Every structure is written in structure tokens, then in C-alpha cells.
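1. Quick one, what's the 3D model for this:
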Amino acid sequence: MDTKKLRQKILDLAIRGKLVPQDPNDEPASVLLERIRAEKEQLIKEGKIKRSKKPAATDKSHYENVPFEIPENWCWTTLENICSKIGSGSTPKGGIYSTEGILFFRSQNVYNNGVVLEDIKYISEEVHQSMIGTEVLSNDLLLNITGGSLGRCAIVPYNIDRGNVSQHVCIIRPIIVKAEYLHLFILSLFFTRTMKITGSGREGLPKYNLENMLLPLPPLSEQARIVDEVAKWNKIIDEIEDDKLELESHVKQIKSKILDLAISGKLVPQDP
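-> Got it, this is the predicted structure:
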């Protein structure tokens with residue numbers, strides 16, 4: 001069994017609205033999108049985020065030439081429309097790090113199953129304040145946007161209240177939308193295949209291309225059901241992979257034992 005393909009199939013069903021049953025009582029995604037817009041406007045009014053200089057896309061544009069059909073209570077939108085922040089960081093001037101202080105995430109700290117704090121770097125409070133525009137908060141998504149690890153993505157856990165990032169990592173901060181659903185979407189083959197990567201040497205995913213990526217948006221309640229269902233299936237697949245590894249270990253031991261018996265003259269009867 002190819003468990004990697006199985007995981008991807010589950011993600012594909014999830015983002016197409018085919019993994020869990022539809023509930024007619026769910027608030028439609030179109031209403032959710034209006035709530036997101038209202039909250040975004042409030043953040044702009046409070047000066048917490050800036051208004052995009054690009055012309056606003058119309059709802060109609062979201063439904064023209066869509067990649068695939070989705071349930072009626074879902075809607076197509078873009079990553080920019082459902083996020084308060086999409087942007088990468090920078091390297092501290094002079095590449096100076098501290099022995100303690102604010103966590104500084106680089107691409108080697110970002111993996112699909114979570115952030116890895118081994119080999120984590122730190123920056124001082126002063127340096128962090130000079131880079132406050134790229135402050136990382138809990139529940140943000142960190143996405144590697146350059147190099148060989150491009151596409152790896154992790155959710156910042158709740159026990160990490162703040163940090164900062166290098167220029168190779170992009171912060172994605174959803175509004176209302178569940179970070180766990182967005183994480184599943186980013187891990188899907190659809191996201192991988194629609195990334196518009198630029199560069200011939202060190203490839204990268206530009207901010208503009210990321211902002212304009214199409215996203216199939218389910219109702220908020222269904223997002224929660226999808227996340228739970230994917231977690232359930234991943235647990236089953238983990239058990240299959242563990243059993244597979246154990247079986248492979250036993251097979252290896254048996255083969256070794258057979259070879260040992262063979263070269264010891266104990267595998268077949270002796271013929272006088």
C-alpha cells in the first residue's frame with residue numbers, strides 16, 4: 001500500500017467537499033466570507049493592517065474558470081481575501097543572533113508536522129522590534145517559499161506566543177478561517193501543482209502569486225469536521241506504516257537468519 005498517495009487522496013477529497021457529509025444547517029461560506037471582509041475592514045480602520053493597493057476582485061471572478069466543482073455552500077476565493085497577513089521576513093543585519101530571546105524561524109525549522117526547535121536561532125528584543133512587521137504569532141502558518149524545502153508548512157503552536165522569520169519563510173495569518181484547514185489545503189497536491197514558482201537558480205514563490213492562489217472555502221463548521229476526519233485517517237495510516245516497518249524488520253531478520261543457516265551448512269540436509 002502506497003500510504004503517501006493515500007494521504008494525498010484524503011486531502012484531495014477534503015478540499016473538494018467529498019470527505020465529510022454536507023450539513024444544510026451550516027452557515028454558507030459566502031456568509032463566512034462577508035464576516036471575514038468585515039473583520040478585515042475593522043483591522044484596517046484600527047490601523048493594524050494596511051489596505052491592499054491592488055483593485056479588489058469581484059465575487060464573479062472567483063467563479064470563472066474554477067479548477068473543479070465544489071458543494072453549493074462552499075465558495076471560491078483567494079488566499080489574500082481570507083488573510084490579514086501574507087509576507088516573509090528578513091535576516092537580522094549582520095546576521096547577528098542572540099543566545100536567548102525571541103525565537104527566529106528559518107526554513108530548517110518548518111516541517112509539515114510542526115515547527116522544529118532544534119537548531120533554532122534567537123534574536124534580541126531590540127532586533128525583534130526593528131523587524132516588528134514580520135512578527136510571528138501563535139496559530140500563524142509558516143510556509144517555506146524558497147529552495148529545496150519550498151512548500152513545507154507548519155502551524156505555530158499556542159505555546160509559542162511570538163517570534164520572527166527569515167526571508168525564506170512566509171507568514172500566513174488567516175482571519176476566522178481555521179488554520180488547520182488552511183494547512184491541509186497547503187499540503188494538498190492541488191496547492192503544489194498551482195504554485196507559480198519563479199527563478200531558475202534558487203526557486204521561489206513570490207508574495208503576489210501566493211496571494212492570488214485560489215482557495216476552495218468550506219463553511220466554518222465543515223472546516224472543523226474536515227480537520228477531525230483527516231486527523232482520524234492520518235492516525236490509521238500512521239498505524240499501517242508502523243505495522244509495515246515492523247513487518248519489514250521481521251522479514252529482514254528472517255532473511256538474515258536463512259543466509260546464516262545456509263553458510264553454516266544447516267539449511268539443507270547433508271548428502272553422504
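
2. the strands in the protein, which residues?
-> Using DSSP state E, the strands of the chain run over residues 75-78, 83-88, 102-105, 110-111, 114-115, 121-123, 135-137, 141-144, 153-155, 162-165, 169-174, 214-217.

3. most packed of these?
-> For those, average neighbour numbers computed from mean count of other Cβ atoms under 10 Å are highest in strand 141-144, which has a mean of 25. Every C-beta, even on glycine, is put in place using the N, C-alpha and C of the backbone.

4. Sheet-wise, list the partners of it with their directions.
-> Paired strands of strand 141-144, with direction, are strand 153-155 (antiparallel), strand 169-174 (antiparallel) (DSSP bridges).

5. remind me which residues of this structure are low pLDDT?
-> Counting by pLDDT under 70, the chain has low-confidence residues at 54-64, 199-202, 243-248, 250-251, 253-254, 261, 267.

6. will you turn the strands of the chain into CSV that also has distance to P67?
-> CSV is the format used below for the strands of the chain (distance: least, Cβ to Cβ, whole Å):
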stretch, distance to P67
strand 75-78, 8
strand 83-88, 20
strand 102-105, 31
strand 110-111, 26
strand 114-115, 29
strand 121-123, 38
strand 135-137, 30
strand 141-144, 20
strand 153-155, 20
strand 162-165, 29
strand 169-174, 20
strand 214-217, 6
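
7. re earlier: between the strands paired with strand 141-144, which one is nearest to K45?
-> For the strands paired with strand 141-144, proximity to K45 was assessed by Cβ to Cβ; strand 169-174 is nearest, at 17.6 Å.

8. Measure how buried D238 is and give me the count.
-> As a burial measure, D238 scores 12 neighbours (other Cβ atoms under 10 Å).

9. what do you get for the one 4 residues further on?
-> For D242, the tally of surrounding residues (other Cβ under 10 Å) stands at 10.
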